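Undergrad: Take this sequence and fold it.
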Amino acid sequence: MGEQMTYEEYLDEVTTLMTEIYDLSDEDAIKHVMRAQAADFFTRHDDDPAMRTLERAEADAKTIFEQKNKSRPHTPPKRSAPQKK
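TA: As a prediction, this is how the structure comes out:
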């Protein structure tokens, strides 16, 4: 099993992983982790220190990143006008 972290260290680790794995800026990663925290994503992590491991941080970084992308779907490309024959 991985080494346990304090709650604050855990949030920092998830943020760092998001910048390293998904190439987000520090500002964007912090924003997404703070939004997840505000939505109670980390409530159980605060209550249960056994959840605060590096392995779990990697999984949570992935989950938060995927949720971020679902909440902001990309704009579909514009269709080109039909070509005249």
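
Undergrad: for the least confident helix or strand in the chain by mean pLDDT, packing partners?
TA: Taking mean pLDDT, DSSP states H and E as the measure, helix 54-71 is the helix or strand of the chain with the lowest mean score, a mean of 90. Helix 54-71 makes packing contacts with helix 7-22, helix 26-38 when contacts are defined by 3 or more CB pairs under 8 Å, 6 or more residues apart in numbering; DSSP states H and E. Heads up, the C-betas are built off the backbone N, CA and C, glycines and all.

Undergrad: among the ones you listed, which is nearest residue 52?
TA: helix 7-22 (4.1 Å; CB to CB).

Undergrad: closest one to residue 49 among the helices and strands packed on helix 54-71?
TA: The nearest among those, by CB to CB, is helix 7-22 at 8.2 Å.

Undergrad: Give me the buried stretch members for the closest one, please.
TA: Buried residues in helix 7-22, defined by neighbour count with 16 or more other CB atoms under 10 Å: 10, 11, 13, 14, 15, 17, 18, 19, 22.

Undergrad: which residues sit against it?
TA: Helix 7-22 is touched from outside by 5, 24-26, 28-30, 32-33, 37, 42, 45-46, 52, 54, 57-58, 60-62, 64-65, with contacts defined as CB atoms under 8 Å, 6 or more residues apart in numbering.

Undergrad: so who does the residue nearest the centre of the chain touch?
TA: Geometric centre of the chain, nearest residue: residue 64, 2.9 Å, by CA atoms, centre = their mean. By CB under 8 Å, 6+ apart, residue 64 lies in contact with 14, 18, 32, 33, 36, 41.

Undergrad: one more time with 10 Å
TA: Going by CB atoms under 10 Å, 6 or more residues apart in numbering, residue 64 touches 14-15, 17-18, 22, 29, 32-33, 35-37, 39, 41-42.
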